[in-house]
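After the sequence you'll find the predicted model.
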Amino acid sequence: MIIKIVCAGVDGFKNLYSPDPDEFLIGVDGGIYHIIDRGLNVDLAVGDFDSCDIGEVIRHCSNVKRYPREKDFSDLELAVREAITMKGERIEIYNATGGRLDHFIAALNVVAAYSDYRLVMFDERNRIYVISSDTAVKKSKYKYCSFFALENGAEITLSGFKYPLEAYRPRPFDNLCLSNEIVGEEGLVKVNGKKILVIETL
């Protein structure tokens, strides 16, 4: 099962969505409308719904989990925590970028904190995820590939990229690995178990 979480931010979901035979759609607060507008069923709605008509939410959603406005987790993190319990193949996040910067940083934090559960965040220009083991990045529509250390002690080796690296130890906030490019069919990223944020971008 592929779990797709749709947030209420700038709507890239309408152009990025393609159906999967075994998918589960979660609407985060006003993100339910982006799902409904595509003529799709909302399998689960999560949030405080402070920007929604709760009656409309209940009418259009198979299952609703409503939280108080004052809470310790963002609506997106609550949705991810729900998704994790379903043990899907992967979790995709849409419409979490392009709006408020504080919400975007919070979304990045969620992707990093729950990276063991194969989270990938998409918008119309970017694919964002975290790796902590050796990974092959296939050449795709995304031209650039950037890598950022999320933990001290990270080590990264890049082969098959325009700018190769050998056992480089980036620190958090290090921008050396910005805007690299795959030169063949795929690039190989070797890491030492520490978390590396990967951003593929057009």
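Arrived safely, thanks for sending.

For the rest of this, base every contact and every neighbour count on C-alpha atoms.
Fine.

Quick check on the spatially most central residue of the chain: phi, psi?
For the chain, the residue whose C-alpha lies nearest the mean C-alpha position (C-alpha atoms, centre = their mean) is Met121; its distance is 2.0 Å. Per-residue torsions, Met121: phi -110, psi 130 (degrees, to the nearest 10).

show me what contacts it?
Contact partners of Met121, counting by C-alpha atoms under 8 Å, 6 or more residues apart in numbering, are 92-94, 96, 111, 127-129.

just Gly30 next, same as before
By C-alpha under 8 Å, 6+ apart, Gly30 lies in contact with 7-8, 49, 51-52.

Which stretches in the protein count as helices?
13-16, 31-36, 54-60, 75-84, 101-113 (DSSP state H).

Quickly compare those and say which is most buried.
Highest mean neighbour count of those: helix 31-36, a mean of 23 (counted as mean count of other C-alpha atoms under 10 Å).

tell me what it is packed against?
strand 2-6, strand 23-28 (3 or more C-alpha pairs under 8 Å, 6 or more residues apart in numbering; DSSP states H and E).

and the angle for the first one with strand 23-28?
Relative orientation of strand 2-6 versus strand 23-28 (axes from the mean of the first three to the mean of the last three C-alpha atoms, to 10 degrees): 20 degrees.

Strand 2-6 pairs with which strands, parallel or anti?
Strand pairing for strand 2-6, using DSSP bridges, gives strand 23-28 (parallel), strand 90-94 (parallel).

hang on, the earlier thing: tell me which of the helices of the chain lies nearest to Ser140.
Closest to Ser140 of the helices of the chain is helix 13-16 (C-alpha to C-alpha; 14.9 Å).

And the average pLDDT for the closest one is what?
Averaging pLDDT along helix 13-16 yields 93.

Contacts for that helix next, please.
Contacts for helix 13-16 (C-alpha under 8 Å, 6+ apart): 6, 34, 38, 94-95, 123-124.

repeat that for 7 Å
Applying C-alpha atoms under 7 Å, 6 or more residues apart in numbering, the contact partners of helix 13-16 are 38, 94-95, 124.

repeat for stretch 89-106
Outside stretch 89-106, the residues within contact range by C-alpha under 7 Å, 6+ apart are 1-13, 107, 117-123.

List only buried entries from those.
By neighbour count, with 16 or more other C-alpha atoms under 10 Å, the contacts of stretch 89-106 hold 2-13, 107, 117-123 as buried.

so what are the domain limits for the protein?
Annotated domains of the chain cover 2-124, 131-201 [automatic domain parsing].

rank the ones you listed by pLDDT, which is bottom?
Within the domains of the chain, confidence is poorest for domain 2-124, with a mean of 90 (mean pLDDT).

Off-centre distance for it?
A distance of 10 Å separates the centroid of the chain from that of domain 2-124, by C-alpha atoms, centre = their mean, to the nearest Å.

can you pull the buried residues of stretch 86-98?
By neighbour count with 16+ other C-alpha under 10 Å, stretch 86-98 contains the buried residues 88, 91-97.

and the end-to-end length of it?
Using C-alpha to C-alpha, to the nearest Å, the end-to-end distance of stretch 86-98 comes out at 28 Å.
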